[in-house]
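> Prediction below, plus the sequence it came from.
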Protein chains: 2
Amino acid sequence: MAAEFEMGQLMIILSVLFILAISASAIFKRFGIPGLIGEILIGVFVANLVIGDWSLLGALDIVLPVPGVDDGNTYWNMLEVLAELGVVFLLFTVGLETKVKDLTSVGRTAMLVATLGVIIPFVLGYAVITLWDGNVYHAMFMGAAMVATSVGITAQVIKDMKVLNRPESRIIIAAAVIDDILGLIVLAVVAGMARTGSIDMFGLAEMIIVSVMFVIIVILFCSKGVPRIAGKIRRTAEGKNKKRSGVDIFVVALSVCLLLSALAAQMKLAMIVGAFLAGMIFADHAKEYGLEKKMGSVTAFLLPFFFISVGMRVDLSSLKEEFLLLAAVIIILAILSKYIGCGLGTMIGDRKKESSANIVGIGMIPRGEVGIIVAMIGIKIIADGGPVMSGDLFTIVVLMSVVTTIIAPFMLSRVFKKKYGNTQEDAASE
Amino acid sequence: MAAEFEMGQLMIILSVLFILAISASAIFKRFGIPGLIGEILIGVFVANLVIGDWSLLGALDIVLPVPGVDDGNTYWNMLEVLAELGVVFLLFTVGLETKVKDLTSVGRTAMLVATLGVIIPFVLGYAVITLWDGNVYHAMFMGAAMVATSVGITAQVIKDMKVLNRPESRIIIAAAVIDDILGLIVLAVVAGMARTGSIDMFGLAEMIIVSVMFVIIVILFCSKGVPRIAGKIRRTAEGKNKKRSGVDIFVVALSVCLLLSALAAQMKLAMIVGAFLAGMIFADHAKEYGLEKKMGSVTAFLLPFFFISVGMRVDLSSLKEEFLLLAAVIIILAILSKYIGCGLGTMIGDRKKESSANIVGIGMIPRGEVGIIVAMIGIKIIADGGPVMSGDLFTIVVLMSVVTTIIAPFMLSRVFKKKYGNTQEDAASE
């Protein structure tokens, strides 16, 4: 391939970023801080290190995307692909450790957590921007951008701390799936309003039905279809050659993960929702086939690219002084609104008071890349002679996403430790 | 990201190709044929399935590269990145299972195998094209394209059959490293001749010294530096928290693999040479830390993309009738010249007659992507008013690469089975 030389350059980029990420992670872990925070912060450092004319990104040939202008260069896109695969496999692994009844048992609470955790951030985001510049589209999109929780970061903390079976963790994960569907509905409504001035009720209904059906079908499939198919696969796998030949369960699991992630993306749901559901399909047999360990090796390679690329989105130089106040307000509201909304949901929903509203509230704070996607869509929609999301507001959304993403794991590991003690030993370590 | 929707499409591509590849692999294994042949053939099928106006590639939005015109679209490039990472990690794994003394013990033989295996294909390729169209540049580039062995395919067969410790396997692997350096020299010479009409002796000497030094330094580092550093890392890793904290050896190994691959690419060596050397650095501790198993999970995800993309390069429709004869001649010569050259090298070099010239000869046959890269470079060099590699010859090189790549594993698994019996049990299976 002519791409050989490019491939060489990409390899340099990957090795430099990978080494930076794991070094930062190792150093942070030493100080008892979750490694992923180190990986995100080193990403911020990489993206903003400029000495005179020299910048680290320039030296690495990476061009970051400029919202509304371009999507960055091929190296950035490839980095994103690896990052996205990493978080997809992470949520798949979380799915592997989640049984259907773990979710249904917290269903009511999760529904409340998700609903309040969507309404309150939206209303507050809408209100602040209305006060700020009075542009109703700006307000709607900021509200929508503040809605969606990205469960990837929280999932990593929950995995690291080995608290996946605690009630709070189950609520957070179930709520994140519901939250994603609600966020999708909010986005569809505001984008429809901005594009046509009205809501396409038929299209909206169709979208809701399709995405809810997708989740329900997979979950039903887990509880009914899987036991039957699993038996069949096993008979095939253990067939002929005595030792299992031909079909390798791990590879089958990877296929299902890729497929359901792709299907989720087709329905405009987050891919990680599909990946999580795919993991649940194999939850009953994950231990037996060592699926979690094997996935762990794959994510060990891919996930550092996810966390470092989250940090790399922060362009400190793009933050103008006159927007600092607004940025601070939005960030604080983004944190408080989720915390209060989801905490409230937990208190109301969990009648037995088994789970801590504090933990659930914190666990739902990180917005990750989902808010950025919403803002990106807003930049491309023109209404009343301007984009429904301005460049400055976009920068604020990115900052909001990254700040919520950075602080949440830090707080979350503390509250988990406080409630469940340090028995989760190597909490901050691998 | 605006790339969200693209990411969804990429996920569809990846899931479809992955599922096709592993299904083909499973079916072929059932019939006792190495799975990778199934994966390559399904790639040929994918690339050439056209029903009326409908083509599978079109449906998947993949645009394959047209030599000299473009490099394909982003989806293809991303597929290539995953493929390349797959083969890099495969060779890293082979390195993990190879100790320095395994290579030095076969050094003399490997040197002879590599040298004869470079000279004979070059001379024959040169001769045939000189007879065919008399263009000296065409002849030189065809010769150069026939030189380089791509050890990825052979490595997979050797791993599958668990014959990594047999003398033939060691010779093949050591010879492949030397072969890559020789191929680099041949390419530099012919490209220099074509570009300037003369050879830049100084540049050539520099290149030879740098690449040889790279290999020697890494190998020296393996035998001297590693034992000391390994002790240090272990003390760090097992430090403080009693359990190993902070530094994870697997992640360190991945970093070194990425880094040496990148360095190799910088020296215009194949990345897999760097990856292989990186593996050797960890060979003494691979078992202890379960590195091979962990790498196995990573390659289980990535390698199918490598093998299927090898097949996808075959564009059956581009083969013109008037070139069929030449194509057949080149393919046959490509097979025979490596077989004879390397077989001869083994016979002369291995005085104890421990190793089978037959096996080594067959193991060195596959050209993989290396020949294609050479031809691609030729297309971009203009001499005497035309490119030094014509489009038709390029198609033939691609065919030659793919055919040698497809037949070699088939033959290799047979001769290994014949010599070492079926004790390597699940030879054709995972």
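All right, it came through fine. For clarity, every value in this text was computed on a predicted model and none was experimentally measured. Numbering: from 1, shown residues only, chains lettered A, B, ... in the order given.

> Bridge partners for the residue nearest to A:Gly197 when sequence neighbours are not counted, pull those for me.
In space, and not counting its chain neighbours, A:Gly197 is closest to A:Ala383: 7.9 Å by Cβ to Cβ, 6 or more residues apart in numbering or on different chains. The way it works is simple: take the backbone N, C-alpha and C, and place the C-beta from them, glycine included. Beta-bridge partners of A:Ala383, counted by DSSP bridges, are A:Gly386.

> Distance-wise, check A:Ala383 relative to chain B.
18 Å (Cβ to the nearest Cβ, to the nearest Å).

> And for A:Ile199?
Distance, A:Ile199 to chain B, by Cβ to the nearest Cβ: 22 Å.

> Which residue, other than its chain neighbours, is closest to that residue?
Among residues not flanking A:Ile199 along the chain, A:Gly192 sits closest, at 4.9 Å (Cβ to Cβ, 6+ apart).

> do A:Ile12 as well
Closest residue to A:Ile12 apart from its sequence neighbours, by Cβ to Cβ, 6+ apart: B:Ala262 at 4.3 Å.

> average pLDDT across the regular element (helix or strand) spanning the one you found?
For B:Ala262, the host element (DSSP states H and E) is helix B:249-266. The average pLDDT for helix B:249-266 rounds to 92.

> Please apply the same query to stretch A:78-92.
Mean predicted confidence for stretch A:78-92 is 91.

> So it, near chain B or not?
Yes - Stretch A:78-92 is in contact with chain B by Cβ under 8 Å from any Cβ of the partner chain, via A:Met78, A:Glu80, A:Val81, A:Glu84, A:Val88.

> Tell me the residues of the stretch 1-150 of chain A that contact chain B?
Counting by Cβ under 8 Å from any Cβ, the stretch 1-150 of chain A sits next to chain B at A:1-5, A:7-8, A:10-12, A:14-15, A:18-19, A:22, A:26-27, A:29-30, A:65, A:71, A:74, A:77-78, A:80-81, A:84, A:88.

> These, buried ones only, as a ChimeraX selection?
This is the ChimeraX syntax for the buried subset of the residues of the stretch 1-150 of chain A next to chain B, where burial follows 16 or more other Cβ atoms under 10 Å in any protein chain shown:
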select /A:1,2,3,4,7,8,10,11,12,14,15,18,19,22,26,29,30,65,71,74,77,78,80,81,84,88
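
> that's a helix at A:Glu288, yeah?
No - per DSSP: H, G, I helix; E, B strand; the rest coil, A:Glu288 lies outside any helix segment and is coil.

> measure it to A:Lys294 for me?
In this view, A:Glu288 and A:Lys294 are 12 Å apart by Cβ to Cβ, to the nearest Å.

> pretty sure the residue nearest to A:Ile12 is touching A:Ser15, no?
Yes - using Cβ atoms under 8 Å, B:Ala262 is in contact with A:Ser15, at 4.8 Å.

> Identify those among the residues of stretch A:78-92 next to chain B that sit within helices.
When the residues of stretch A:78-92 next to chain B are checked against helices (DSSP state H), the matches are A:Met78, A:Glu80, A:Val81, A:Glu84, A:Val88.

> Contact partners for the fourth one?
Yep, that's A:Glu84 we're talking about. A:Glu84 sits next to A:Met271, A:Phe306, B:Met7 when contact means Cβ atoms under 8 Å, 6 or more residues apart in numbering or on different chains.

> And for A:Ile12?
A:Ile12 makes contact with A:Leu60, B:Ala262, B:Ala265, B:Gln266, according to Cβ under 8 Å, 6+ apart.

> A:Leu164 reaches A:Thr93, doesn't it?
No - A:Leu164 lies out of contact with A:Thr93 (Cβ under 8 Å); the separation is 9.9 Å.

> more neighbours, the two?
Set side by side, A:Leu164 and A:Thr93 show more neighbours around A:Thr93, with 27 against 16, by other Cβ atoms under 10 Å in any protein chain shown.

> which residues sit in contact with the more buried one?
By Cβ under 8 Å, 6+ apart, the contact list for A:Thr93 reads A:Lys159, A:Gly279, A:Glu292, A:Met295, A:Gly296, A:Thr299.

> for A:Ala253, same thing?
Counting by Cβ under 8 Å, 6+ apart, A:Ala253 has contacts A:Phe92, A:Ala278, A:Phe282, A:Tyr289, A:Leu291.

> can you count the residues close to the fourth one?
By the measure other Cβ under 10 Å, the count of residues near A:Tyr289 is 19.

> Report pLDDT for it.
Each residue has a pLDDT score; the one for A:Tyr289 is 85.

> can you put the contacts of A:Ala253 in a markdown table and add distance to A:Asp350 and secondary structure?
Shown next, in a markdown table, are the contacts of A:Ala253 (distance: Cβ to Cβ, whole Å; DSSP: H, G, I helix; E, B strand; the rest coil):
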| residue | distance to A:Asp350 | secondary structure |
| --- | --- | --- |
| A:Phe92 | 27 | helix |
| A:Ala278 | 28 | helix |
| A:Phe282 | 28 | coil |
| A:Tyr289 | 34 | coil |
| A:Leu291 | 31 | helix |
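
> between the residues you listed, which has the most around it?
If you rank these by neighbour count (other Cβ under 10 Å), A:Phe92 sits at the top with 31 neighbours.

> That one touches A:Leu277, doesn't it?
No - if you go by Cβ under 8 Å, A:Phe92 and A:Leu277 don't touch, sitting 9.2 Å apart.

> Now do the shared contacts for the two.
Joint contacts of A:Phe92 and A:Leu277 (Cβ under 8 Å, 6+ apart) do not exist.

> which other helices and strands contact the helix or strand that contains A:Thr404?
A:Thr404 is part of helix A:391-420, with elements assigned from DSSP H and E. If you count contacts as 3 or more Cβ pairs under 8 Å, 6 or more residues apart in numbering or on different chains; DSSP states H and E, helix A:391-420 packs onto helix A:35-48, helix A:136-145, helix A:151-160, helix A:291-312, helix A:324-349, helix A:357-363, helix A:370-380.

> relative orientation of that helix and helix A:324-349 in degrees?
Between helix A:391-420 and helix A:324-349, the angle comes out at 40 degrees (axes from the mean of the first three to the mean of the last three Cα atoms, to 10 degrees).

> So for helix A:391-420, what gets flagged as buried?
Using 16+ other Cβ under 10 Å as the burial criterion, the residues of helix A:391-420 that qualify are A:392-409, A:411-413, A:415-417, A:420.

> From A:Ile217, how far out is A:Asp284?
A:Asp284 is 18 Å from A:Ile217, by Cβ to Cβ.

> The closest residue to chain B within the stretch 1-150 of chain A: what's it in contact with?
For the stretch 1-150 of chain A and chain B, the shortest gap (Cβ to the nearest Cβ) falls at A:Gly8, measuring 3.0 Å. Counting by Cβ under 8 Å, 6+ apart, A:Gly8 makes contact with B:Ala262, B:Ala265, B:Gln266, B:Met271.

> Pick the one among those closest to chain A.
B:Ala265 (3.0 Å).

> Would you confirm that the closest one contacts B:Met271?
Yes - under the contact definition of Cβ under 8 Å, B:Ala265 touches B:Met271, with a separation of 4.9 Å.
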